[in-house]
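>>> my questions are about this predicted structure, shown below with the sequence.
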Amino acid sequence: MSVSEKVFEIVSKSFGMKASDLTESTNLLEDLNAKSTNYFPIMNELEEEYDLELQYQTFRSGCRTIKEIISMVEESI
């Protein structure tokens, strides 16, 4: 599974929706009304899947869209 596919899977699971309902430009805060209860499961799964160490504030401010999450993961692995 590609990084992109995995990110879509993780984000859709966190919000209880289908991955096909999301796009790379989907904004977690503006489009999905993300709360910390959404961010932490996403971060935890990404950390486990890709052996990353993510900081909440950095993740929340730097990963506003799904595309930004994908880019962050790809740059970190």
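Alright, I've got the coordinates.

>>> quick check: phi and psi at the closest residue to residue 65 other than its chain neighbours.
Spatial nearest neighbour of residue 65, excluding adjacent residues (C-beta to C-beta, 6 or more residues apart in numbering): residue 27 at 5.3 Å. In this view, the C-beta of every residue, glycine as well, is placed from N, C-alpha and C. Per-residue torsions, residue 27: phi -100, psi 120 (degrees, to the nearest 10).

>>> wait, isn't residue 27 in contact with residue 67?
No. With contact defined as C-beta atoms under 8 Å, residue 27 does not count as touching residue 67 (9.9 Å).

>>> ok, residue 26 to residue 11 distance?
Distance, residue 26 to residue 11, using C-beta to C-beta, to the nearest Å: 8 Å.

>>> residues shared between the contacts of the two?
Overlap of the contact sets of residue 26 and residue 11 (by C-beta atoms under 8 Å, 6 or more residues apart in numbering) consists of residue 66.

>>> and the pLDDT at residue 68?
On pLDDT, residue 68 comes in at 98.
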